[in-house]
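A.B. asks: Let me see the structure of the following:
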Amino acid sequence: MNQGTTILTLDNGYHLWTHTEGHGNIQLLCLHGGPGGNHEYYENFAEKLADLGVQVSMYDQLGSWYSDQPDFTKQENIDKFLNMDYFIDEVEEVRQKLGLDNFYLIGQSWGGILTQEYALKYPDHLKGIIISSMTDNIEEYVVNINAIREKEFSADELQFMKSCEAKNDYANDKYQKLIDILNRGYVDRKQPPAISHLTDTVATPVYNYFQGDNEFVVTGKMQGWDRRQDIHKINVPTLITYGEHETMPLATAKRMAHVIPHARLETTPNGGHHHMIDNAPVYFAHLKKFLQDVENDTFAD
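C.D. replies: Sure, this is the predicted structure:
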C-alpha cells in the first residue's frame, strides 16, 4: 500500500483525502467523528502503534475539511449523500480502493456508529473493530447529556439554555460560554493546542444535518438511530473504549460489552470524549493490548 497521502477518486466522481503511515502486517482503518469532523486525532496512531507493526490508514469523509465538499445547499446532494447508507458504503469503497483485507476498523463517536453499521453490513473483511466513545443508540446518549447539563448548571442556566434552543439562538454568547464549559469538562478535557486551527474545520452543514448545533443537543437526523436489537450479530472481536468523564453513558458501554458476543470494555481515567488525547498512555495501552490479543489468538471477552 502507498505510504503518505493519496487522493482517492470515488465512483461518484468526488475525491477523498487519505493518508497511510506505518509498516507491518496489521492494518487499521480509522473513521473520524463529527459527523463532519476530520482525521486529525488519528495523526499519531502509527507512531504509537509502531512497535506492533501496524499500518494506519485514515481519511476525511465526503464533505469534511480535507476532502471534496459537495454543495449542500442543493437538495439533490442532501438526498444523495447526507444519509447513513451513503457513509457506510463509502467505508467499503475506501477499503476496496486502499486494498485492505482482514483489517481492523476503529471509529470515534459518529465513526463508532459507522463502525457498528459496517460490521453488520460488511463483516467479511474484518478482523476486529474498535468502537470508541459511541453508544448503540441515540436515546441513551441524549438522556446522559441531559443529565450532565442538569449536574453542571443551575436551574436558571438550564432554563436559559432551553430557551435559546427553542428559539434556535445557538449563537448567543452566554449560551456558547455554557457549551464551552461542557466541552472542557466532557469532550476535550486536555484542550490540546496541537490540533487547534485558526478557523473552524468542522463541516458545519454535515454536522448540523445529522447532530445539531453542538455535542449536547441532538436535533438532526441521528435522532432515532438505534441498533440495540442488532449488535448481538457482530461476531468479530470488539473493543469498546470510553473515557470515564465523557458525553457517552458508561452504563450503555457495559451493556454493549455484554451483548456483543466477543467484546471487551476498557475505560480511560480522566478521559473525556476524546480520551485518546486526554489520557493517551492509558488509551493506547488498551488499544495495543486488544490488537496483540487478537493477533496472538488470546483475546477473551
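A.B. asks: Quickly list what the residue most central in space within the chain is bridged to.
C.D. replies: Nearest to the mean C-alpha position of the chain, counting by C-alpha atoms, centre = their mean, stands Gln108 at 2.2 Å. Gln108 has the following beta-bridge partners by DSSP bridges: Ser132.
A.B. asks: Correct me if wrong: it contacts Ser133.
C.D. replies: Yes: with contact defined as C-beta atoms under 8 Å, Gln108 and Ser133 form a contacting pair (6.0 Å). Glycine gets a C-beta too; all of them are placed from N, C-alpha and C.
A.B. asks: quick one on the thing from earlier: find me the pLDDT at the residue nearest to the centre of the chain, would you?
C.D. replies: For Gln108, the pLDDT comes out at 98.
A.B. asks: gap between it and Leu287?
C.D. replies: For Gln108, the distance to Leu287 equals 12 Å [C-beta to C-beta, to the nearest Å].
A.B. asks: Got the phi and psi for the residue of the chain most remote from its centre?
C.D. replies: Farthest-out residue of the chain from its mean C-alpha position, per C-alpha atoms, centre = their mean: Asp156, at 32.5 Å. Dihedral pair for Asp156: phi -70, psi -40, per degrees, to the nearest 10.
A.B. asks: Going forward, the N-terminal residue is numbered 55.
C.D. replies: Will do, 55 is the new start, and the previous item becomes Asp210.
A.B. asks: Spit out the contact partners of it.
C.D. replies: By C-beta atoms under 8 Å, 6 or more residues apart in numbering, Asp210 lies in contact with nothing.
A.B. asks: What separation is there between it and Lys216?
C.D. replies: For Asp210 relative to Lys216 (C-beta to C-beta), the value is 11 Å.
A.B. asks: Could I get the full set of strands for the stretch 205-354 of the chain?
C.D. replies: Secondary structure of the stretch 205-354 of the chain (DSSP state E, counting those that start in this stretch): strands at 292-297, 317-322.
A.B. asks: Just the CA atoms of the last one, as CSV, please.
C.D. replies: Pointing back at strand 317-322 there. The C-alpha coordinates for strand 317-322 follow below in CSV (Å, rounded to 0.1, in the frame of the first residue of the first chain):
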residue,chain,number,x,y,z
ALA,A,317,-16.4,-7.8,23.3
ARG,A,318,-14.2,-6.1,25.8
LEU,A,319,-14.8,-2.8,27.5
GLU,A,320,-11.9,-0.6,28.6
THR,A,321,-12.2,2.9,30.2
THR,A,322,-9.8,5.7,30.4
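A.B. asks: What is the neighbour count of Asp351?
C.D. replies: Neighbour count for Asp351, taken as other C-beta atoms under 10 Å: 6.
A.B. asks: separation between it and Gly182?
C.D. replies: 12 Å.
A.B. asks: Same check on Gly90?
C.D. replies: Look at Gly90 and Gly182: by C-beta to C-beta, they are 27 Å apart.
A.B. asks: the helices in this structure, which residues?
C.D. replies: Here the chain has its helices, by DSSP state H, at 99-102, 129-135, 138-152, 164-175, 192-206, 209-220, 227-240, 258-264, 304-313, 329-332, 334-349.
A.B. asks: mind checking which of those helices is nearest Ile249?
C.D. replies: helix 329-332 (7.7 Å; C-beta to C-beta).
A.B. asks: you'd agree Pro124 is up against Leu116?
C.D. replies: Yes: Pro124 is within contact range of Leu116, at 6.9 Å (criterion: C-beta under 8 Å).
A.B. asks: list residues touching both of those two?
C.D. replies: Counting by C-beta under 8 Å, 6+ apart, the residues touching both Pro124 and Leu116 are Tyr68, Phe135.
A.B. asks: Specify which residue of the two has the higher count of neighbours.
C.D. replies: Taking neighbours as other C-beta under 10 Å, Pro124 and Leu116 compare with Leu116 leading, 22 against 18.
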